[in-house]
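Asks: I would like the atomic coordinates for the input below:
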Amino acid sequence: MDFKALEYICAISEAKTISQAAKNLFISQPALSQYLSKIEQSLGTPVFVRSGNVMTLTSAGEILVREGRALLMAREEMMAQVTGLSSAGAETLCFGVSPFYSKYYLPLLLPYYRAHFPHIRLKIIEQSSTELEQQVLDGTLDLCFIPAEPMREGLTYRPIYMEEIMIALPPAHPANARAVPSPGVPYLDISCLGNEPFVELVPTLKFAKMSQRILRHFSITPNVIYESTNWDTVCMLVARGIGVGFLPEVLIHKHLREPNFYRIAGIDSTRSYAAVYARGRRLSYSELNLIAVFQELLKKGEAENQAQ
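Replies: A predicted model of the protein is given here:
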């Protein structure tokens, strides 16, 4: 098995579907399907289980992906040293992330890289999602990790994680009694909040655009009494009874017993968190590996949170 086969298997594992993997690899879907069939024939065992369009690794596939990533990283390191792109075996990966996400997600990523890829130095640019998008479009930044919606022309958004936007209420709010129990987090029909004071993020932020879409769905014109650029501030003000507000799922596990969080009944309020890069740009394997590692760590963190 050659490096190309390992790259393709890792790409399919990350994308979960042949069609998305083919787009990420800049090849046709039939060509990738045919190549995968040849790999599985040569191995004498399936690498993926197919359920509709979704591709799930078999036990053999999990071994190939785990060991294949290590081999591909070793190749990248070797080539960097041979071509003089690194100093004393060191490689720098530069990427952007918004300050809120860096606060909650980088503590998962940085220790992992220090333990498994000590030769790679991570350089992190912390700015708002819209600023990072513009830098990628301008060519001053190669890669960033931000919420996908709304998307901008000229960029590729590679989903790595789904997060749910929730409604948060003060502990003493009467609408808490309307919550509908469900496994994990209860649901709430927010149509009852039409006359409530809202605490929101400033409208220029991506999260605010998503919350505005939810409000339009329920024909709610919010009485916004405070706007902030910081989720933690919104969370604190809602907990203190200043108003109600939309907050991301991650805050449930990172903060808090207060305020009270609810899933929003009657609408899909999930959005994707994505790796973003210029359309048509082919990522290096080090960048692909960074995306894959980030994705796996986020899934692991989600599983641990749900178990709490």
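
Asks: residues contacting residue 283?
Replies: Counting by CB atoms under 8 Å, 6 or more residues apart in numbering, residue 283 touches 143, 277, 291. For glycine as for every other residue, the C-beta is placed from the backbone atoms N, C-alpha and C.

Asks: Any chance of JSON lines for those, columns neighbour count and distance to residue 221?
Replies: As requested, the contacts of residue 283 are exported to JSON lines (neighbours: other CB atoms under 10 Å; distance: CB to CB, whole Å):
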{"residue": "143", "neighbour count": "23", "distance to residue 221": "38"}
{"residue": "277", "neighbour count": "21", "distance to residue 221": "37"}
{"residue": "291", "neighbour count": "21", "distance to residue 221": "39"}
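
Asks: Among those residues, which lie within strands?
Replies: residue 277 (DSSP state E).

Asks: Distance to residue 190 and pLDDT added to the contacts of residue 283, as CSV?
Replies: Shown next, in CSV, are the contacts of residue 283 (distance: CB to CB, whole Å; pLDDT from 0 to 100):
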residue, distance to residue 190, pLDDT
143, 36, 96
277, 35, 94
291, 34, 88
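
Asks: Tell me the one of the contacts of residue 283 nearest residue 233?
Replies: Of all the contacts of residue 283, residue 233 sits closest to residue 143, with 28.8 Å by CB to CB.

Asks: List the residues that contact that closest one.
Replies: Counting by CB under 8 Å, 6+ apart, residue 143 touches 94-96, 136, 275-277, 283, 287, 290.

Asks: Distance check, it against residue 286.
Replies: 10 Å (CB to CB, to the nearest Å).

Asks: Which of the contacts of residue 283 sits closest to residue 74?
Replies: The closest of these to residue 74 turns out to be residue 291 (CB to CB; 18.3 Å).

Asks: Could I get the contacting residues of the residue nearest to the closest one when sequence neighbours are not counted?
Replies: When the adjacent residues along the chain are set aside, residue 291 lies closest to residue 275, with 4.6 Å between them (CB to CB, 6 or more residues apart in numbering). By CB under 8 Å, 6+ apart, residue 275 lies in contact with 143-145, 157-158, 160, 291, 294.

Asks: How is residue 275 classified with respect to secondary structure?
Replies: Put simply, residue 275 is strand when judged by DSSP: H, G, I helix; E, B strand; the rest coil.

Asks: per-residue pLDDT, it?
Replies: Looking at residue 275, its pLDDT is 93.

Asks: who does residue 123 bridge with?
Replies: For residue 123, the beta-bridge partners are residue 94 (DSSP bridges).

Asks: if I look at residue 98, how far off is residue 133?
Replies: Distance of residue 98 to residue 133, computed by CB to CB: 10 Å.

Asks: Same question for residue 283.
Replies: Counting by CB to CB, the gap from residue 283 to residue 133 is 17 Å.

Asks: again, but for residue 119
Replies: Distance, residue 119 to residue 133, by CB to CB: 30 Å.

Asks: These two: who's more crowded?
Replies: residue 133 (22 against 16; other CB atoms under 10 Å).

Asks: Might one say that the more buried one is in contact with residue 276?
Replies: Yes: if you go by CB atoms under 8 Å, residue 133 and residue 276 touch, sitting 6.6 Å apart.

Asks: intersection of neighbour lists for the two?
Replies: Common neighbours of residue 133 and residue 276, counting by CB under 8 Å, 6+ apart, are 144, 146, 155.

Asks: out of those residues, who's nearest residue 225?
Replies: residue 146 (28.0 Å).

Asks: Next, count neighbours for the closest one.
Replies: 23.

Asks: For it, grab phi and psi.
Replies: Backbone torsions of residue 146, given as degrees, to the nearest 10, read phi -150, psi 170.

Asks: what helix or strand is residue 42 on?
Replies: Assigned by DSSP states H and E, residue 42 belongs to helix 29-43.

Asks: right, and the helix or strand after that helix?
Replies: Downstream of helix 29-43, the first helix or strand assigned by DSSP H and E is strand 48-51.
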